[in-house]
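[1] just coords:
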């Protein structure tokens, strides 16, 4: 059973830190859909809350916003 022990966010998304039977883990959620899924959106097996939180912070910081499509101006 997982127990939520921490939650933090930035302008790109948020991360939940869980205590689990095997140790600690994190789960990321981004505010915008990602074009490519990431293998590290959810990880388990950390020895400490701090290690899971640091890994989640690094993953959340590496999320890049999806660039807006540029409008093409047609010259007539």
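    Structure received. Since the structure is predicted, the reported quantities are computational estimates derived from the model, not experimental observations.

[2] give me the beta-bridge partners of the residue nearest the centre of the chain?
    Centroid-nearest residue in the chain: residue 28, 3.1 Å away (criterion: C-alpha atoms, centre = their mean). Note on residue 28: beta-bridge partners by DSSP bridges are residue 15.

[3] show me the contacts for it.
    By C-beta atoms under 8 Å, 6 or more residues apart in numbering, the residues touching residue 28 are 13, 14, 15, 38, 40, 41, 42, 56, 59, 60, 63. Any C-beta I mention is one placed from the backbone N, CA and C, and that applies to glycine too.

[4] phi, psi of the fourth one?
    So that's residue 38. phi -110, psi 130 (degrees, to the nearest 10).

[5] Just the pLDDT at it, thanks.
    pLDDT, residue 38: 73.

[6] ok, now the second one?
    At residue 14, the pLDDT value in this model is 93.

[7] Surely it touches residue 6?
    No: between residue 14 and residue 6 there is no contact under C-beta atoms under 8 Å: 10.7 Å.

[8] Could you list the buried residues of stretch 52-68?
    52, 53, 55, 56, 59, 60, 63 (16 or more other C-beta atoms under 10 Å).

[9] Show me the shaky parts of the protein.
    36, 65-76 (pLDDT under 70).

[10] hey, where'd the helices end up in it?
    49-61 (DSSP state H).

[11] Now for residue 35, how many residues are close by?
    8 (other C-beta atoms under 10 Å).

[12] got it, and residue 19?
    Number of residues near residue 19 (other C-beta under 10 Å) recorded here: 16.
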